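K.L.:
Take a look and give me a structure for this.
(chains A and B)
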2 protein chains.
Amino acid sequence: MTEETLQLALERDAKMTEHALLRYYPAEDADLKSLLNAERYSLFAGGKRIRPALTLEFCRMFGGRDEAALPFACAVEMIHTYSLIHDDLPCMDNDDLRRGKPTNHKVFGEAVALLAGDSLLTGAFEAAATNTAVTAEIAAVAVAYLASSAGRYGMVGGQIMDMEGECRRLSPEELLKLHSLKTGALIGAACVLGALAAGVPLQDPSMEKVVAYAEKIGLAFQIVDDILDRTGDEQTLGKRTGVDSEHEKTTFLSFYDVEEAQYYADRLTAEAIDAIRGFPDSETLAALAKWLAERKK
Amino acid sequence: MTEETLQLALERDAKMTEHALLRYYPAEDADLKSLLNAERYSLFAGGKRIRPALTLEFCRMFGGRDEAALPFACAVEMIHTYSLIHDDLPCMDNDDLRRGKPTNHKVFGEAVALLAGDSLLTGAFEAAATNTAVTAEIAAVAVAYLASSAGRYGMVGGQIMDMEGECRRLSPEELLKLHSLKTGALIGAACVLGALAAGVPLQDPSMEKVVAYAEKIGLAFQIVDDILDRTGDEQTLGKRTGVDSEHEKTTFLSFYDVEEAQYYADRLTAEAIDAIRGFPDSETLAALAKWLAERKK
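P.N.:
Residues are numbered from 1 along each chain as shown, chains lettered A, B, ... in the order given. Below is the predicted model of the structure:
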């Protein structure tokens, strides 16, 4: 698959997701204006929509319908967005800029940003639970998997490790665990929920391949993130670079030089592609993995 | 039912809930220590456990089993607890004391408190979705109802109205809407999830009675809260009083004197009891409504 074909597929997935996301804001309400605006500000701030694309593409690869995958794709994107809003808050990373725009609390104030994050997190589970294109069994399993991936033994756990790890040098094992929780778990949920939407049971052997793909691209994604923070261009990235070394934060570049790190990311990507090679129509997911490892922003 | 019998029932419900809540922390993990401790600090800070009691008692009234109600009761209490943690944060109410103890962020810091709240909210939906004592249909409906009650058109919406209403005088209609969202919606979910656990479908005519009871006790609860803020004793309440008038916040006492407000709360309580009078074994819920309106803390 050419880079151009992949980009067209991703654009289509992003448009579908954005269209579907708007459906979760059925009623305007003057009393809730700032909350709804704050949520939509971050939800439509031009994210790459990689997670919802993974959900949609995994569902398609297993022969499922887009209607079944979309509510799950939206749920995953809402959780990703809430985590960015809360991460940017002054008591966390205290970031002013995200995707080239002022962060949520810079525009709406801290209290509204906090509540907008809470609301997006809550809305994610409503979206997943009310997925009428799948059985109630699948919806309940999806909610449970998503919550487990996003919660204390998943993404939030990774955020705690990230925050508390800032004051000291982490071991390679700790760094791997941190990222597997902080970014890997939600990427894993995005992929697994896509397969669930297509009717693949959680216990099906295919699910192991899905999880392997997710783990490997999740880690590769983070390694490339670290590389871009060192070598990337602020204008292109839409955020400040060099932040990690400023904070003396442990990154993959604490253990590897840029070339070794890129080699590591490429190897993981090859393994991810290998994991799904046996499935028909896995080209888009293979191309997506490759693009993520080679991306410049 | 005597006050003493009610208190014994509530204590039993609270113990069952607390025992069940601990099951959601199966693994200690040194890397997540502060997160897990922060969550449990607030979860076991001696709340009155009114919401889980409502879930359990409604399930029993409709002939359901405690095992079916407990995961839902825990989910509701987790959401209640998260909302208190986030409400107390400096960017929100900036409270130092809650239930006579330092607030979560005073003990664990703002970032950990923020994440502990996020984790409790996420964990609530995992608890509800993994309720194996009910069908997947019921679990999915419960998650959706709970999320809708806690989210943008529910509790979080009420928090926004509360915050933005602090700067100006609200109309009686606005005040009613605020409280119906901020406290009423989650109390409603507590009651409805109890009935769901017993197998009562959401469309069943009985559910209207459940919702009517919940709305009325929710409002009465808030009116009594306002009265106690004016007349209550700090030592007994475990928090500062007179805060509302300090902030020139609109409360029910902006429109009624204490006696009128108590009369209003009592009338709502009588209506709540009327709503469930037709069901057998509604004595505990009737006594609970009465006690809430007469409570001194």
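K.L.:
When you work out contacts or count neighbours from here on, use the C-alpha atoms and nothing else.
P.N.:
OK.
K.L.:
ok, A:Leu186 to A:Met92 distance?
P.N.:
According to Cα to Cα, to the nearest Å, A:Leu186 stands 20 Å off from A:Met92.
K.L.:
Give me the more crowded residue out of those two.
P.N.:
Comparing A:Leu186 with A:Met92 by other Cα atoms under 10 Å in any protein chain shown, the one with more neighbours is A:Leu186, at 29 against 17.
K.L.:
what's near enough to touch that one?
P.N.:
A:Val76, A:His80, A:Leu146, A:Ser149, A:Ala150, A:Gly154, A:Met155 (Cα atoms under 8 Å, 6 or more residues apart in numbering or on different chains).
K.L.:
dump the residue contacts of the residue found closest to the third one once you drop the neighbours it is linked to in the chain.
P.N.:
Leaving aside its chain neighbours, A:Leu146 sits nearest to A:Ala189 (5.7 Å; criterion: Cα to Cα, 6 or more residues apart in numbering or on different chains). Taking Cα under 8 Å, 6+ apart, we find A:Ala189 in contact with A:Val76, A:Tyr145, A:Leu146, A:Ser149.
K.L.:
okay if I get the residues you listed as CSV plus distance to B:Ala68?
P.N.:
Below are the contacts of A:Ala189 laid out as CSV (distance: Cα to Cα, whole Å):
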residue, distance to B:Ala68
A:Val76, 28
A:Tyr145, 20
A:Leu146, 22
A:Ser149, 24
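K.L.:
Narrow those to those in helices?
P.N.:
Among the contacts of A:Ala189, the ones falling in helices (DSSP state H) are A:Val76, A:Tyr145, A:Leu146, A:Ser149.
K.L.:
Just give the nearest non-adjacent residue to A:Ile227, would you?
P.N.:
The nearest residue in space to A:Ile227 (Cα to Cα, 6+ apart) is A:Val258, at 6.3 Å.
K.L.:
Check that neighbour and give its pLDDT.
P.N.:
On the pLDDT scale, A:Val258 is placed at 94.
K.L.:
and A:Thr183, how many neighbours does it have?
P.N.:
23.
K.L.:
Wait, a strand at it?
P.N.:
No. Using DSSP: H, G, I helix; E, B strand; the rest coil, the secondary structure at A:Thr183 is helix, not a strand.
K.L.:
That one contacts A:Gly218, correct?
P.N.:
Yes. Shown here, A:Thr183 and A:Gly218 form a contact pair, counting by Cα atoms under 8 Å, at 6.5 Å.
K.L.:
quick one: contacts for A:Asp31?
P.N.:
B:Met161.
K.L.:
Go through the contacts of A:Ala189 and say which is closest to A:Gly199.
P.N.:
A:Tyr145 (14.6 Å; Cα to Cα).
K.L.:
Show me which residues of chain A sit near chain B.
P.N.:
By the rule Cα under 8 Å from any Cα of the partner chain, the part of chain A lying against chain B is A:31-32, A:35-36, A:91-92, A:110-112, A:115, A:118-123, A:125-127, A:129-130, A:136-137, A:139-141, A:143-145, A:147-148, A:150-152, A:156-157, A:159-161.
K.L.:
Measure how buried A:Arg295 is and give me the count.
P.N.:
The number of residues packed near A:Arg295 is 11, by other Cα under 10 Å.
K.L.:
Please name the spatially closest residue to it (chain neighbours excluded).
P.N.:
A:Val224 (7.9 Å).
K.L.:
quick one: contacts for that neighbour?
P.N.:
A:Val224 neighbours (Cα under 8 Å, 6+ apart): A:Ala261, A:Gln262, A:Ala265, A:Ala293, A:Glu294, A:Arg295.
K.L.:
where does it land on pLDDT?
P.N.:
pLDDT, A:Val224: 95.
K.L.:
re earlier: just curious, which of the contacts of A:Leu186 is nearest to chain B?
P.N.:
Using Cα to the nearest Cα, A:Ala150 comes nearest to chain B of those, at 7.0 Å.
K.L.:
burial measure for that closest one, as a count.
P.N.:
Residues near A:Ala150, counting by other Cα under 10 Å, number 31.
K.L.:
and it, what does it touch?
P.N.:
Contacts for A:Ala150 (Cα under 8 Å, 6+ apart) come out as A:Ile79, A:Val156, A:Ala185, A:Leu186, B:Thr122.
K.L.:
and if we set it to 7 Å?
P.N.:
A:Val156, A:Ala185, A:Leu186, B:Thr122 (Cα atoms under 7 Å, 6 or more residues apart in numbering or on different chains).
K.L.:
and the gap between the last one and A:Leu115?
P.N.:
So that's B:Thr122. Look at B:Thr122 and A:Leu115: by Cα to Cα, they are 14 Å apart.
K.L.:
Ok, the first one next?
P.N.:
When distances are taken as Cα to Cα, A:Val156 and A:Leu115 turn out to be 17 Å apart.
K.L.:
how about the strands in the stretch 1-150 of chain A?
P.N.:
A:97-98, A:101-102 (DSSP state E, counting those that start in this stretch).
K.L.:
which neighbours does the last one have in its sheet, and in what orientation?
P.N.:
Read that as strand A:101-102. Strand pairing for strand A:101-102, using DSSP bridges, gives strand A:97-98 (antiparallel).
K.L.:
quick one: average confidence on the strand it pairs with?
P.N.:
pLDDT averaged over strand A:97-98 gives 93.
K.L.:
can you tell me which of the contacts of A:Val224 are in helices?
P.N.:
A:Ala261, A:Gln262, A:Ala265, A:Ala293, A:Glu294.
K.L.:
Just give me the least confident of the residues you listed.
P.N.:
For the ones in helices among the contacts of A:Val224, the pLDDT minimum is A:Glu294, 91.
K.L.:
OK, contacts around A:Glu215?
P.N.:
Neighbour list for A:Glu215: A:Gly184, A:Gly188 [criterion: Cα under 7 Å, 6+ apart].
K.L.:
Could you measure from it over to A:Val192?
P.N.:
Taken as Cα to Cα, the span from A:Glu215 to A:Val192 is 11 Å.
K.L.:
mind listing what's buried in the longest helix belonging to chain A?
P.N.:
Counting residues, the longest helix found in chain A (DSSP H) is helix A:205-231. By neighbour count on 16 or more other Cα atoms under 10 Å in any protein chain shown, the buried set for helix A:205-231 is A:206-207, A:209-230.
K.L.:
circling back to that earlier point, pick out the most distant pair among the contacts of A:Leu186.
P.N.:
Checked with Cα to Cα, the contacts of A:Leu186 reach their widest spread between A:Val76 and A:Gly154, with 13.6 Å between them.
K.L.:
Settle it for me: which of these two has more neighbours?
P.N.:
A:Val76 (28 against 23).
K.L.:
The stretch 1-150 of chain A: helices as residue ranges?
P.N.:
Counting by DSSP state H, counting those that start in this stretch, the stretch 1-150 of chain A has helices at residues A:3-22, A:33-43, A:50-61, A:66-88, A:104-108, A:110-129, A:136-150.
K.L.:
who touches the longest one?
P.N.:
It refers to helix A:66-88. A:17, A:20-21, A:42-43, A:51-52, A:55-56, A:59, A:93-95, A:103-104, A:113-114, A:117-118, A:120-121, A:124-125, A:127-128, A:131, A:133-134, A:190, A:193-194, A:197.
K.L.:
Can you flag the buried ones in the residues you listed?
P.N.:
A:17, A:20-21, A:42-43, A:51-52, A:55-56, A:59, A:95, A:103-104, A:113-114, A:117-118, A:120-121, A:124-125, A:127-128, A:131, A:133-134, A:190, A:193-194, A:197.
K.L.:
State the mean pLDDT of stretch A:68-80.
P.N.:
Here the average pLDDT along stretch A:68-80 is 98.
K.L.:
scratch that, stretch A:44-62 is what I was asking about
P.N.:
96.
K.L.:
and for that stretch, what are the contacting residues?
P.N.:
Against stretch A:44-62 from outside (Cα under 7 Å, 6+ apart): A:10, A:13-14, A:17, A:65-66, A:69-70, A:73-74, A:76-77, A:187, A:190-191, A:193-195, A:197-198, A:281-282, A:285.
K.L.:
Please apply the same query to stretch A:123-133.
P.N.:
By Cα under 7 Å, 6+ apart, stretch A:123-133 touches A:67-68, A:71-72, A:75-76, A:78-79, A:139-140, A:142-143, B:140, B:143-144, B:147-148, B:151.
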